[in-house]
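A.B. asks: Predicted coordinates and the sequence they were generated for:
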Amino acid sequence: MKVKKAIALLCATTMVMSMAACGSKSDSGKSDNKAATTTSKTDGDALVVKYSVVFPATGTQADGANALADIIEEESDGRMKMEFYPSSQLGDKVSTLEGLQAGTVEMTECSATDLSSFNDMWSVFSLPYLWDNGQQACKTVTDDSVKKVLEEDAEKNGFVIIAWTDIGSRSILNNKHTVKTPADMKGLKLRCMEDKILADSTTAMGAIGTPIAFSEVYSGIQQGTIDGLDHTPSVIAANGWQELCKYLSLTEHFTIPDPVFVSKVWFDGLSKENQDALLKAGEKFSDKWNNEIWPEATEEGLKTLKEAGVEITEVDKAPFKKAVQPVVDEFLDSASEGQKELYELLTETKKNY
């Protein structure tokens, strides 16, 4: 009889201990256990945040990624740890965005125009000479009135924006000759992102807009598939394109800010504490990138290009603006309501900056 009582007591004790273990997380906030096992591996006690991007493992953007990793770990008190996957290691932009929607990849960054495949209103960011500079663009998209519209749409498509980064204004780099006017661009095959407005604008300036993947630019120049591309000095230097192209013309025709965002399905599975930490990390990273990292990198990028023997030419932008105006007019004539509303919101709000 005593044995039976002892066994019953042992079973009851075991049951109580099991229930206590299951309920060890505070009911005041969600546990990250489900998210960690279904969408993310863990590193010890830290929740791993995979950051998948197309840019290389070295250079300004990589420096920014490493800074972001430090800020995320700091803001979360070590509860989250970012793992950096550069150079399309986890897939190109399309597969990475699909991964975020599914929750198999946690975080990425891309040009705002890349989100046009989910809602055509984002195509407005492709318009040439939409902004005076990158600082104005970032201040506009983080203005409360604009921020609300962009964040709501991003979330409808499975993404939570945590930061906006200034990537400067793109200029023409080529391996053929100096470009001072649109006439000088005739016949140049220039890489552009896979976006009709970007391609049409490049062609309107006199070149042949050639959409190819970011990862194929270097080999494309080597093989003669393209004669160059448009980008910013620091990104050009980071990718080594100055080794192949010696003519940079400061047309600064496209200014497209990059959002940094995470998977909504993954984000929704985080505890409130970790959600707040991630949003705070994004805010701090935006400030550090836009006011420290990027301005310094632009100066350093120009210096690197000059040292590599690249001819850097200032141009009169008026002829280039005139050349692409028909593209802008055509876009607005056939724009959807969403595109028109965003265009009007951006152009009105940017006056404040």
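C.D. replies: Nice, I can see it.
A.B. asks: what about the protein, any weak spots by pLDDT?
C.D. replies: Within the chain, the stretches with pLDDT under 70 are 1-44.
A.B. asks: Show me where it has its helices.
C.D. replies: Using DSSP state H, the helices of the chain run over 2-22, 33-38, 60-75, 93-102, 134-141, 144-156, 196-204, 217-223, 233-239, 264-268, 272-288, 294-307, 318-334, 337-349.
A.B. asks: Can you check which of those helices gets nearest to Lys50?
C.D. replies: Among the helices of the chain, the nearest to Lys50 by CB to CB is helix 93-102 (8.6 Å). Where you see a C-beta, it was placed from the backbone N, CA and C, and this is true even at glycine.
A.B. asks: What residues sit buried inside stretch 88-95?
C.D. replies: Ser88, Leu90, Gly91, Lys93 (16 or more other CB atoms under 10 Å).
A.B. asks: out of those, who's nearest Glu194?
C.D. replies: Closest to Glu194, out of all of those and judged by CB to CB, is Lys93, at 8.9 Å.
A.B. asks: re earlier: need the buried residues of stretch 88-95 in CSV with distance to Ser219, can you?
C.D. replies: What follows is the buried residues of stretch 88-95, written out as CSV (distance: CB to CB, whole Å):
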residue, distance to Ser219
Ser88, 14
Leu90, 21
Gly91, 19
Lys93, 18
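A.B. asks: Out of the residues you listed, which two sit at the greatest distance?
C.D. replies: Across those (CB to CB), the longest gap, 10.8 Å, separates Leu90 and Lys93.
A.B. asks: related to what we said a few turns ago, for Glu109, which of the helices of the chain is the nearest?
C.D. replies: Among these, helix 60-75 comes nearest to Glu109, with 8.2 Å by CB to CB.
A.B. asks: Show me what the closest one is packed against.
C.D. replies: Packed against helix 60-75 by the contact rule (3 or more CB pairs under 8 Å, 6 or more residues apart in numbering; DSSP states H and E) you find strand 46-52, strand 80-85, helix 233-239, helix 272-288, helix 294-307.
A.B. asks: 10 Å instead, please
C.D. replies: Counting contacts by 3 or more CB pairs under 10 Å, 6 or more residues apart in numbering; DSSP states H and E, helix 60-75 packs against strand 46-52, strand 80-85, strand 107-109, strand 159-165, helix 233-239, strand 258-263, helix 272-288, helix 294-307.
A.B. asks: what about the residue lying closest to Asp63 once chain neighbours are set aside, how many neighbours?
C.D. replies: In this structure, Asp63 finds its nearest non-sequential neighbour in Ile293, 6.3 Å apart by CB to CB, 6 or more residues apart in numbering. Residues contacting Ile293 under the criterion other CB atoms under 10 Å number 19.
A.B. asks: what's the answer for the one 4 residues further on, then?
C.D. replies: Other residues near Ala297 come to 24 when the count uses other CB under 10 Å.
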